[in-house]
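Participant: Pasted the sequence and its predicted model underneath.
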Amino acid sequence: MPFWQLTIPASPDCSDGLTNFLWEQGALGVVEEEAPGVPPRLRAFFAESMSSTRLLAAVQDYQASLRSLGFAIESHGTEIAPLLDEAWASAWQQSFPAREVGRRLLVLPPWIEAPARPVGTERVTVIIEPGRAFGTGHHGTTEGCLVLLEEALAAAPGAAVLDIGTGTGILAIAALKLGAPTVLAIDVDPDAVSAAQVNGGRNGCAGLRVRLAEPQEIPDRFPLVLANLLTHTHLALAPQYTRLVAPGGSLVLGGMLQDEDGRVSDALASAGFTTRSRLALEGWASLRLDARAS
């Protein structure tokens, strides 16, 4: 059975909107591709039963609406082409190779087995099924958060964790694999909650609790809080971060464009946070901040 592969140019400020639109159109999978020197793009896969003409027209209409709102949308490069069944499976799976992150982590999809490594060089494996929820470890913002999460837990071993906007659950699962005793993962998207629960089970994470909730609904404070969200969301949540991070605790944030993270660190500095680390990858910035001790 053949499938359709739709390829769309995508800039960082419109990638999330385009991705959500493609899922709404019935995509079987969406892959975000970024490489040095190559404009970023999305590849989406659709069943043969979809009308390629209508699908392409719907995408072009959506791009035109984004353009009318002032987004810089590339007018050329959107293409649709058939793929055979085997080619679809290969294209989807090849987009998610095993990936070493930081000093200790290995992120891989369930169809890849962890490679054997010499004794003493083994990595902690985090198995993530790619799907509708965000976070596979193959995006600069997720990788940056994972690296700073590893740093934060090395500095505060045994810290309980809150993961805000958990997506696939990748940060929550990595936190448990790196030694956190318990993690509460929350999201406002039911698909994300379901994905995080499935991935948590796949990784044998007994200490993981996943809830459909907003930060405002969480009454407890945590030694370590994680949030891989967009810049404007971090700014809106600054009062919640102040409330949720325990005195002397740490906050790891991702999802900020490289020229926007200064706004977040400045906003949180006025709330008593000190920026401890900054990591920029693929045009995205991640921050590790410490709260006042008292």
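Facilitator: Now that the structure is in, tell me what you want to look at. Being a predicted model, the structure only gives us computed values, none of them experimental. Numbering: from 1, shown residues only.
Participant: For the nearest residue to residue 182 once chain neighbours are set aside, give me its contacts.
Facilitator: Spatially, and ignoring its direct neighbours in sequence, residue 182 is nearest to residue 207 (4.5 Å; Cβ to Cβ, 6 or more residues apart in numbering). Where you see a C-beta, it was placed from the backbone N, CA and C, and this is true even at glycine. Contact analysis of residue 207 by Cβ atoms under 8 Å, 6 or more residues apart in numbering lists 176, 180-183.
Participant: could you pull out the strands for the stretch 101-250 of the chain?
Facilitator: 105-108, 124-127, 161-164, 183-187, 208-212, 222-228, 245-257 (DSSP state E, counting those that start in this stretch).
Participant: Distance to residue 155, mean pLDDT and mean neighbour count for these - can I get that in CSV?
Facilitator: Converted to CSV, these look like this (distance: least, Cβ to Cβ, whole Å; pLDDT from 0 to 100; neighbours: other Cβ atoms under 10 Å):
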stretch, distance to residue 155, mean pLDDT, mean neighbour count
strand 105-108, 16, 89, 22
strand 124-127, 17, 90, 20
strand 161-164, 13, 98, 28
strand 183-187, 17, 96, 25
strand 208-212, 22, 95, 18
strand 222-228, 10, 97, 25
strand 245-257, 7, 94, 23
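Participant: mind checking which of those strands is nearest residue 77?
Facilitator: strand 245-257 (21.7 Å; Cβ to Cβ).
Participant: So for the next helix or strand after that closest one, mean pLDDT?
Facilitator: Using DSSP states H and E, the helix or strand that follows strand 245-257 towards the C-terminus is helix 261-269. Helix 261-269 carries an average pLDDT of 95.
Participant: Pull up the pairing partners for the helix or strand following helix 261-269, direction included.
Facilitator: As assigned by DSSP H and E, the chain's next helix or strand after helix 261-269 is strand 274-281. Looking at strand 274-281 with DSSP bridges, its partner strands are strand 284-290 (antiparallel).
Participant: How far off centre is the strand it pairs with?
Facilitator: 14 Å (Cα atoms, centre = their mean, to the nearest Å).
Participant: rewinding a little: of the contacts of residue 207, buried ones?
Facilitator: 176, 180, 182-183 (16 or more other Cβ atoms under 10 Å).
Participant: what's the farthest-apart pair in those?
Facilitator: 176 and 182 (8.0 Å).
Participant: Now do the shared contacts for these two.
Facilitator: Common neighbours of residue 176 and residue 182 (Cβ under 8 Å, 6+ apart) are 207-208.
Participant: Okay, helices next: where are they in the protein?
Facilitator: Assigned by DSSP state H, the helices in the chain fall at 15-24, 52-68, 85-94, 140-155, 170-177, 190-202, 231-244, 261-269.
Participant: Can you flag the weakest of these by average pLDDT?
Facilitator: Among the helices of the chain, helix 85-94 scores lowest, at a mean of 58.
Participant: how many neighbours does the nearest residue to residue 14 once chain neighbours are set aside have?
Facilitator: Leaving aside its chain neighbours, residue 14 sits nearest to residue 71 (5.0 Å; criterion: Cβ to Cβ, 6+ apart). Residues lying near residue 71 (other Cβ atoms under 10 Å) number 14.
Participant: list the contacts for residue 71?
Facilitator: So residue 71 contacts 11, 13-14 (Cβ under 8 Å, 6+ apart).
Participant: tell me which of those residues is nearest to residue 294?
Facilitator: Once Cβ to Cβ is applied, the member of these that ends up nearest residue 294 is residue 13, at 39.2 Å.
Participant: contacting residues around that closest one?
Facilitator: 71-72, 257.
Participant: any chance of those residues in CSV, plus distance to residue 215?
Facilitator: Below are the contacts of residue 13 laid out as CSV (distance: Cβ to Cβ, whole Å):
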residue, distance to residue 215
71, 28
72, 32
257, 22
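Participant: before we move on, the earlier item: export the strands of the stretch 101-250 of the chain to TSV and tack on distance to residue 278?
Facilitator: Written out in TSV, the entries for those read as follows (distance: least, Cβ to Cβ, whole Å):
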stretch	distance to residue 278
strand 105-108	19
strand 124-127	23
strand 161-164	19
strand 183-187	24
strand 208-212	28
strand 222-228	15
strand 245-257	10
